[in-house]
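Asks: Got a predicted structure plus its sequence, pasted below:
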Amino acid sequence: MNLTLRVWRQKKASEPGRLVDYPARDISPDMSFLEMLDVVNEGLIQQGQEPIAFDSDCREGICGMCSLVINGVPHGGHQATATCQLHMRHFHDGQTITIEPWRAKAFPVVKDCVCDRSSFDRVIQAGGFVSVGTGGTPDANTLPISKKDSDRAMDAAQCIGCGACVAACRNASAMLFVAAKVSHLAQLPQGKVEAADRVQAMVAQMDAEGFGNCSNQSECEAVCPKEISVDFIAQLNREYLKTVIK
Amino acid sequence: MTLDSKIPSGPIAEKWDKHKFDMKLVNPANKRRYSVIVVGSGLAGASAAASLAEMGYKVKCFCYQDSPRRAHSIAAQGGINAAKNYQNDGDSVQRLFYDTVKGGDFRAREANVYRLAQVSANVIDQCVAQGVPFAREYGGLLSNRSFGGALVSRTFYARGQTGQQLLLGAYQALERQIGLGNVQMFPRTEMLDLVVVNGQARGIVVRNLVTGSIESHAADAVVLGTGGYSNVFFLSTNAKNCNTTAIWRAHKKGAYMANPCYTQIHPTCIPQSGDHQSKLTLMSESLRNDGRVWVPKMPGDARAPGDIPETDRDYYLERLYPTYGNLAPRDISSRAAKRVCDEGRGVGPGGRGVYLDFAEAIKRLGEHVVRERYGNLFDMYERITGENPYKAPMRIYPAVHYTMGGLWVDYNLMSNLPGLHVIGEANFSDHGANRLGASALMQGLADGYFVLPYTIGHYFASVKRDPVTIDHPEFKKAEESVRTQINRLLSIRGKRTVLSFHRELGKIMWDECGMARTEASLKKALELIPALRDEFWKNVMVTGEGADFNQALEHAGRVADYFEFAELLCADALHRNESCGGHFREEYQTEEGEAQRDDANFAYVAAWEHKGVGQPAVLHKEPLAFETVHLQQRSYK
């Protein structure tokens, strides 16, 4: 099939960007979205033009590197699907597809569709860990953890840190990302010890990075490739409240 | 130069404890005087960087991704082995050691493997303490499953995302140290050269991938945890940007490359769907517990699978290997799939695929049971192929996904270049010629948490170094050569893209040096590769500028290194006149088609010394002594 791509091109953070149209010809429905972009980029390079910059790595939906807003929806709007797992069979011949980077104050554009998500790393640095050093830990089976708690911790822990939740939110809030980490660790006895300090520090850092507030629209859950539930935002609020009301 | 593996003396079970006592220590107050560069932030790199920083060393950590959390360890699905014997099924350090040596087809170093088995239990304790949500039983204790090559259940797992959870544990430990100011992190930064001063590894030259600036970093030691080289085949299950540049450029600076021909091909991947394909995706081996593998009996049978009656189907694994059936080991299953496709009986586009059929399982167990066991894998298959595997059989084909070879290291995980340490998949030491499932995660974390933090201190305390800064002429020289190469790539302005060269190189490697190799095919590859490399340097088109975010340039540098590395891989495969593990030379097989080792002539590690691009590398041999496990033919019958 033949498509028209309307792609965000921006030389660098300090320069303005704009949407540029490119034809995408002879696209097979079996291609992944990123393979389609590979084909378009090959054509651009052969014409001596700079290819469209976009992030991707594992291309199997787990590393969280890929980050495209496709027709206005982060990752393209297919359930539990990251950009790299989206395939062209979901598009039709003659369609125009708009491709943009994540847009958020805390995710400045690096080039074209590539953005800087180091704010997420700094939120983790603030407290998204258990303060144990290497060695001297007790036997792994010393502390039984109910399967229910462990499963719920895993539901939260599978966040891939892609940032689609932020990109989908009209306030560019990072609540779902922060909630996933706070809930993962607060759910387990190993993480409970520092739960109060953690939630305080991570929320403070989230605010300092310029992420917005949550207004309970749940757009974040809808685009999350790992289907992380907004229930965890409730848990984040609860964990936070516990540290304020004693 | 003689290769000294520095294996401690004494009985195998006591070597590591004895060595830990014999190694020199660094006074805790002095540790901050020593600086370490860690390249790579996967399981090995992140765990090493965090552990070293906790001990007090000054650490700089580098990764090419935008965050250390995205290293390719994150994609590991199945699990991590450890000799805990929680299932009371007879597991022990001795048994994990034995299984790993045998699984590696007797081409690994016994002492290293024993140590790996010993510290495996600590790795699980560490991860649980970090909050890794491993699967649990209703009683609250940890759950295990079994994996290939073992008769016990020793694999710990977190759904199908074990690598992700282990990496996030190490990443969080690393971020904690970054937050404390003990680690300086350099994301989107690629190592492009190793700097050697007075024979010692003293730093690296990197390119900032955002600005394109070339920068030097000096340290007392350099640690490479940069993963494997599967992408030399272009199509593999590795992430797109995984590359061999760090270890290859260290090799060109004098580090020996060991056993590059040991590459593992996984039998159950989603087949290529066309020439546009950019990577391959693994489908967990566990599917073969209930799926049946078959192809049509007749070549060229174009009927839909449902229209092919039982009498016209060949369940070839069940026919050829009645005892193991569909759970035949990886290398055997992969080669069998290739054989039936070579006979023209492959299915799907291009005829490179075999069916993995669940119809019988769905009939026997009901669709809901199959969904419960494999639902997420079926969903992933449908997302990629657009086919519903509950209705029609899956199509699978083998693909490259792990490399056992890597830079040569001694028992201390140090290469022949003093100060250069190599950990995880980037080194060669623990898996011999074939890695067992769930052992890669174990090795990466064992090296980073529990081996390197001990051995690097011994290096600092026992080897004298002069003070070196980035003003040293060797840094300037390395920076200059990096800049020269970048400028050369950008100035060719030829007609072919980097990707087209990478694809063609990958095809040569897969066709001539893939699942089955012969003297003739390898000789052919050794003619084709240098010719294509020459064309690359004359006709490649790299757009953009050096001082900018430039992904085409990044890729070009990596492919340039693959061209050189590929030649060494083929030369190693050609010299090894035997079959072992993932290295299968068609000339050396038993009557039943099994790999036939030649222990009398090849029970050694082949460590290659670089002598210049296009020049034959010089072979150094480290003989392998099997004092504890007796050499035997692996049998799957």
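Replies: In hand now; what should we look at?

Asks: Verify the stated contact: residue B:4 with residue B:410.
Replies: Yes: contact criterion CB atoms under 8 Å: residue B:4 and residue B:410 qualify, at 6.5 Å. Using the backbone N, CA and C atoms, a C-beta is placed for each residue, glycine as well.

Asks: Which one's more surrounded, these two?
Replies: Neighbour comparison, residue B:4 and residue B:410: the larger count goes to residue B:410, with 19 against 10 (by other CB atoms under 10 Å in any protein chain shown).

Asks: May I ask which helix or strand encompasses that one?
Replies: When elements are assigned from DSSP states H and E, residue B:410 belongs to no helix and no strand.

Asks: got the contact list for it?
Replies: B:3, B:4, B:5, B:6, B:416 (CB atoms under 8 Å, 6 or more residues apart in numbering or on different chains).

Asks: who in the stretch 451-600 of chain B is up against chain A?
Replies: The stretch 451-600 of chain B comes close to chain A at residues B:453, B:493, B:495, B:497, B:499-500, B:541, B:543-544, B:548-549, B:551-552, as judged by CB under 8 Å from any CB of the partner chain.

Asks: Compile the contacts of residue B:410 into TSV and extend it with columns for distance to chain A, secondary structure and pLDDT.
Replies: TSV is the format used below for the contacts of residue B:410 (distance: CB to the nearest CB, whole Å; DSSP: H, G, I helix; E, B strand; the rest coil; pLDDT from 0 to 100):
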residue	distance to chain A	secondary structure	pLDDT
B:3	30	coil	92
B:4	28	coil	95
B:5	26	coil	97
B:6	23	coil	97
B:416	27	coil	98
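
Asks: Just the buried ones out of these, please.
Replies: Among the contacts of residue B:410, those scoring as buried are B:3, B:5, B:416 (criterion: 16 or more other CB atoms under 10 Å in any protein chain shown).

Asks: Thought residue B:623 was touching the second one, still the case?
Replies: Meaning residue B:5. No: using CB under 8 Å, residue B:5 is not in contact with residue B:623, being 9.3 Å away.

Asks: Domain map for chain A?
Replies: What automatic domain parsing lists as the domains of chain A is A:3-111, A:117-131+A:144-244.

Asks: what do you get for chain B?
Replies: For chain B, automatic domain parsing gives the domain ranges B:12-260+B:404-462, B:265-401, B:473-598.

Asks: looking at those domains, which has the lowest confidence?
Replies: Note on the domains of chain B: domain B:265-401 shows the lowest mean pLDDT, a mean of 90.

Asks: what's the offset of that domain from the middle of its chain?
Replies: 24 Å (CA atoms, centre = their mean, to the nearest Å).

Asks: near chain A, anything from that domain?
Replies: Yes: Domain B:265-401 reaches chain A (CB under 8 Å from any CB) through B:273-274, B:276-279, B:281-282, B:379-380, B:383-386.

Asks: Endpoints of that domain, how far apart?
Replies: Terminal residues of domain B:265-401 lie 6 Å apart, using CA to CA, to the nearest Å.

Asks: what do you get for stretch B:155-168?
Replies: Using CA to CA, the end-to-end distance of stretch B:155-168 comes to 19 Å.

Asks: Need the residues that contact it.
Replies: The contact list for stretch B:155-168 (CB under 8 Å, 6+ apart) reads A:62, A:154, A:157-158, A:160, B:42-43, B:46, B:69, B:71, B:73-82, B:84, B:124, B:127, B:132-135, B:142-147, B:284, B:376-377, B:437-438, B:441, B:445.

Asks: What of stretch B:331-343?
Replies: With contacts defined as CB under 8 Å, 6+ apart, stretch B:331-343 is touched by B:264-268, B:288, B:293, B:295, B:299, B:314, B:316-317, B:320-321, B:324, B:328, B:346, B:351-354, B:396-398, B:434, B:515-516, B:581-582, B:584, B:593-595, B:636.

Asks: Now that stretch - C-alpha only, CSV.
Replies: C-alpha atoms of stretch B:331-343 as CSV (Å, rounded to 0.1, in the frame of the first residue of the first chain):
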residue,chain,number,x,y,z
ASP,B,331,20.8,-27.2,18.5
ILE,B,332,19.3,-30.5,17.3
SER,B,333,15.9,-29.0,16.8
SER,B,334,17.3,-26.0,14.9
ARG,B,335,19.3,-28.2,12.5
ALA,B,336,16.4,-30.5,11.9
ALA,B,337,14.2,-27.5,10.9
LYS,B,338,16.8,-26.3,8.5
ARG,B,339,17.1,-29.7,7.0
VAL,B,340,13.4,-30.1,6.2
CYS,B,341,13.3,-26.5,4.8
ASP,B,342,16.4,-27.3,2.6
GLU,B,343,14.4,-30.2,1.3
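
Asks: what's the farthest-apart pair in the residues of the stretch 451-600 of chain B next to chain A?
Replies: B:453 and B:495 (50.4 Å; CB to CB).

Asks: quick one, phi psi at residue B:420?
Replies: In terms of degrees, to the nearest 10, the main-chain angles of residue B:420 are phi -90, psi 110.

Asks: Could you check how far the closest residue to residue B:225 other than its chain neighbours is from residue A:229?
Replies: Nearest non-adjacent residue to residue B:225, counting by CB to CB, 6 or more residues apart in numbering or on different chains: residue B:45, 3.3 Å away. Distance, residue B:45 to residue A:229, by CB to CB, to the nearest Å: 32 Å.

Asks: Could you report the neighbour count for the closest residue to chain A within chain B?
Replies: Chain B approaches chain A most closely through residue B:140 (2.8 Å), counting by CB to the nearest CB. Residue B:140: 15 surrounding residues under other CB under 10 Å.

Asks: Report the contact partners of the nearest residue to residue A:102 once chain neighbours are set aside.
Replies: Leaving aside its chain neighbours, residue A:102 sits nearest to residue A:167 (3.9 Å; criterion: CB to CB, 6+ apart). Applying CB under 8 Å, 6+ apart to residue A:167 gives the contacts A:67, A:69, A:74, A:102, A:103, A:104, A:107, A:223.

Asks: Check which element follows the host helix or strand of residue A:167 along the chain.
Replies: Residue A:167 is part of helix A:164-168, with elements assigned from DSSP H and E. For helix A:164-168, the following helix or strand on the C-terminal side (DSSP H and E) is helix A:175-186.

Asks: Briefly note if that next one comes near chain B.
Replies: Yes: interface with chain B: helix A:175-186 contributes A:184, A:185 (CB under 8 Å from any CB).

Asks: May I have the helix or strand that that helix is followed by exported as PDB, CA atoms only?
Replies: Using DSSP H and E, the helix or strand that directly follows helix A:175-186 along the chain is helix A:189-192. This file holds the C-alpha atoms of helix A:189-192, laid out as PDB (Å, rounded to 0.1, in the frame of the first residue of the first chain):
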ATOM      1  CA  PRO A 189       8.000  -6.400  52.700                       C
ATOM      2  CA  GLN A 190      11.400  -5.500  51.400                       C
ATOM      3  CA  GLY A 191      10.100  -2.200  50.100                       C
ATOM      4  CA  LYS A 192       7.800  -1.300  53.000                       C
END
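
Asks: Can you name the residue of chain A nearest chain B?
Replies: residue A:144 (2.8 Å).

Asks: Quick check: phi and psi on residue B:421?
Replies: Residue B:421 adopts backbone torsions of phi -110, psi 150, taken as degrees, to the nearest 10.

Asks: Pretty sure it sits against residue B:407.
Replies: No: here residue B:421 does not reach residue B:407: they are 9.5 Å apart, not a contact under CB under 8 Å.

Asks: Now which of the contacts of residue A:167 would you call buried?
Replies: Using 16+ other CB under 10 Å, the buried members of the contacts of residue A:167 are A:67, A:69, A:74, A:102, A:104, A:107, A:223.
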